[in-house]
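In: below are the sequence and a predicted model for it; my questions follow.
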Amino acid sequence: MSELNPERWEKLWRVAAKKFTPSEYFHQLVVMYSEPHRRYHNQHHIADCLAEFDHVRSFAVDPTAVELAIWFHDAVYDPRAGDNEERSAELAKHWLKEFHADVLLADAVGRLVLATKQHDGSMHGDAPLLVDVDLSILGQPPERFWEYERQIREEYVWVDELVFASKRAEILKGFLARERIYQTDFFFHSLEVQARENLKASVQRLSAARVD
């Protein structure tokens, strides 16, 4: 599994803020993404998203904003809370403003992070691309997808099995009800079919768990 790269962080920050950010900021993010309750929403997820983004960087209107949003979009993650994205967006904007990054860049990063809450592609011109990167896990080969499903369950280990199965199935059915899971053509053509197969299989398994 991949981990976050401090050299990549430094390179990105030099572009965003025109200066190097102290290493403790990188390490602070790593500590946040290494919290023990995280099984999926950890630094490996961020590193995987960055790798996905590398394939589609040329499609981004503001690649710097998108990459920063990837780094920050799950910085705050408490499965019991409902304001994780808002707090993650505020952290990103605070750090960018502290280092005198462009105000428009900080605002764009904040809106992009918020777009991942409801997978809303309307919040920024690059939001569809970021959302698709974040959801790329849904279209991975079955072995990886089932690992992801197990990881999500572990993050909600405190939730009753029947309640979890019902709520999780509801979320996945919501994706299946969309005309397209992926908003950009690149991800639609490369992952849509596999994502729908994965989601249907998971819904069936969750439904069986509720019956049992």
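Out: The structure has been received and is ready for your questions. Numbers count the residues shown, from 1 in each chain.

In: quick check: residue 11 vs residue 67, distance?
Out: According to Cβ to Cβ, to the nearest Å, residue 11 and residue 67 sit 10 Å apart. Bear in mind the C-beta positions are built from the backbone N, C-alpha and C, glycine included.

In: please identify which of those two sits among more neighbours.
Out: residue 67 (26 against 13; other Cβ atoms under 10 Å).

In: burial check on the nearest residue to that one once chain neighbours are set aside, number of neighbours?
Out: The shortest distance from residue 67 to any non-neighbouring residue, by Cβ to Cβ, 6 or more residues apart in numbering, is to residue 12 (5.6 Å). Neighbourhood size, residue 12 [other Cβ under 10 Å]: 19.

In: what residues are up against residue 12?
Out: 64, 67-68, 71 (Cβ atoms under 8 Å, 6 or more residues apart in numbering).

In: find the helix or strand that it is a member of.
Out: Taking DSSP states H and E as the criterion, residue 12 maps to helix 6-17.

In: before we move on, the earlier item: so which of the contacts of residue 12 are in helices?
Out: If you go by DSSP state H, the contacts of residue 12 have 64, 67-68, 71 in helices.

In: for those residues, which one is nearest residue 132?
Out: Proximity of those to residue 132 (Cβ to Cβ) peaks at residue 67, which lies at 14.5 Å.

In: quick check: the closest one vs residue 34, distance?
Out: With Cβ to Cβ as the criterion, residue 67 and residue 34 are 21 Å apart.

In: what residues sit buried inside stretch 100-117?
Out: Using 16 or more other Cβ atoms under 10 Å as the test for burial, stretch 100-117 gives 101, 105-117.

In: middle-most residue in this structure, spatially?
Out: Taking Cα atoms, centre = their mean, the centroid of the chain lies closest to residue 134, which sits 3.9 Å from it.
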